[in-house]
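**Student:** coordinates for the following, if possible.
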Amino acid sequence: MITLLAVWLASPAAAAPYYQEEPEIVIEMHGAQTAPVKTVSIWDKNALQLTRLFRGKDRTHVLYSVENVSTKDDILRSANGKEYAFVRYGTNDGDYRKFLFKAEDPQTFVACAANLKDVLAVNLKYGVNMGVSLKDFLRVYGSTATASALEDETAGKTLAVYKQTYSDVNHKIPAPYYFVFDGDELTQTLAGEKAYADYAKKLTEANEKLRAQNKQAQDKAARLEKQKQSQAARRQPIKALAYGGTVEDQMYMPRVNNPKFPPPTPSKVPAGTPIPVSPF
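**Tutor:** Model prediction:
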């Protein structure tokens with residue numbers, strides 16, 4: 001009996017509990033590999049080539065396709081209130097490529113511009129302002145545009161105006177256009193003489209209204225100052241001659257009729273005579 005108990009205690013199966021191995025979990029994933037986006041350089045392509053390349057594409061596709069980094073990403077509002085997504089590469093007064101997309105998803109491509117004439121054509125067609133620098137404008141139209149100026153007194157600015165006979169792919173017949181710049185930035189594009197006359201008239205009316213308001217304020221200030229001086233004058237005592245006085249006093253000063261006090265008694269001691277004072 002003792003021998004059997006010793007054998008059982010020495011058995012490895014009795015020394016440790018039994019564990020069964022869990023089956024290995026294997027996760028299989030299936031799917032096609034995403035094709036890498038082919039990047040393009042925009043600087044060696046004009047607006048027509050870029051339009052062909054990105055027509056029907058959305059803004060996200062363009063941003064990932066272009067190997068350059070954009071310098072401006074904004075929302076532009078047209079004259080009739082429609083919004084567009086805007087992306088610019090480069091600067092306004094140097095090399096640039098500008099893209100216009102629909103503002104609502106999926107923000108599909110609308111138009112692009114690679115030079116000043118492209119920008120002006122897109123601006124006029126869609127009623128937006130993609131940005132035009134005066135330096136860029138004068139590079140193209142400096143020798144043909146007629147310069148003038150308009151005063152915007154409400155804003156304290158002098159606006160530069162350039163009249164240019166203009167035409168583009170959407171406006172075949174050349175016609176006078178007015179391009180208004182505030183400093184270096186284009187702010188208004190006015191088609192025709194009437195549009196310019198209406199714009200100038202509004203500025204003139206605003207200037208005249210401001211002048212009238214300033215004149216009213218100045219007149220009011222002058223009236224208040226006059227009233228203030230009049231009140232101060234009334235508070236000052238009026239001097240009048242009762243007795244004696246110099247020849248000039250007797251000639252020019254007003255006189256007191258029937259003064260209530262007697263005339264002063266002349267001193268017996270000449271003016272300037274030292275008067276001895278008792279030390280006690």
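
**Student:** give me the phi and psi for Ala232.
**Tutor:** Dihedral angles of Ala232 (phi, psi; degrees, to the nearest 10) stand at phi -70, psi -40.

**Student:** what's the local residue count around it?
**Tutor:** For Ala232, the tally of surrounding residues (other Cβ atoms under 10 Å) stands at 9. In short, each C-beta sits where N, CA and C put it, glycine included.

**Student:** bridged to Ser148, which residues?
**Tutor:** On the basis of DSSP bridges, Ser148 is bridged to Val161.

**Student:** helices of the chain, start to end?
**Tutor:** 2-10, 12-15, 47-54, 59-65, 116-126, 134-141, 193-235, 247-252 (DSSP state H).

**Student:** from the ones you listed, which stretch is densest packed?
**Tutor:** Mean neighbour count (mean count of other Cβ atoms under 10 Å) peaks for helix 116-126 among those, with a mean of 20.

**Student:** state the distance from the spatially closest residue to Phe109 that is not a sequence neighbour to Thr146.
**Tutor:** In space, and not counting its chain neighbours, Phe109 is closest to Phe54: 4.7 Å by Cβ to Cβ, 6 or more residues apart in numbering. To Thr146, Phe54 is 37 Å away according to Cβ to Cβ, to the nearest Å.

**Student:** and for Asp118?
**Tutor:** Distance from Asp118 to Thr146, by Cβ to Cβ: 23 Å.

**Student:** cool, Arg211 as well?
**Tutor:** For Arg211, the distance to Thr146 equals 28 Å [Cβ to Cβ].

**Student:** list the contacts of the residue nearest to Phe109.
**Tutor:** For Phe54, the contacting residues are 61-62, 65, 99, 109, 112, by Cβ atoms under 8 Å, 6 or more residues apart in numbering.

**Student:** take the residues you listed and write them to TSV, including pLDDT.
**Tutor:** Below are those laid out as TSV (pLDDT from 0 to 100):
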residue	pLDDT
His61	94
Val62	94
Ser65	93
Phe99	98
Phe109	97
Cys112	97
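
**Student:** and these, which is closest to Asp219?
**Tutor:** Phe99 (55.0 Å; Cβ to Cβ).

**Student:** partners of that closest one in the sheet?
**Tutor:** Beta-bridge pairing for Phe99 (DSSP bridges): Val87, Cys112.

**Student:** surely it and Phe86 touch.
**Tutor:** Yes. Using Cβ atoms under 8 Å, Phe99 makes contact with Phe86 at a distance of 7.2 Å.

**Student:** more neighbours: which of these two?
**Tutor:** Neighbour count, other Cβ under 10 Å: between Phe99 and Phe86, Phe99 has more, with 28 against 22.

**Student:** identify the residues contacting the more buried one.
**Tutor:** Phe99 sits next to 50, 54, 59, 62, 86-88, 109, 111-112 when contact means Cβ under 8 Å, 6+ apart.

**Student:** from Val119, how far off is it?
**Tutor:** For Phe99, the distance to Val119 equals 11 Å [Cβ to Cβ].

**Student:** can you check Thr60 too?
**Tutor:** Distance, Thr60 to Val119, using Cβ to Cβ: 23 Å.

**Student:** which stretches of the protein have low pLDDT?
**Tutor:** Within the chain, the stretches with pLDDT under 70 are 1-23, 26-37, 236-238, 241-244, 249-250, 256, 260-261, 266-280.
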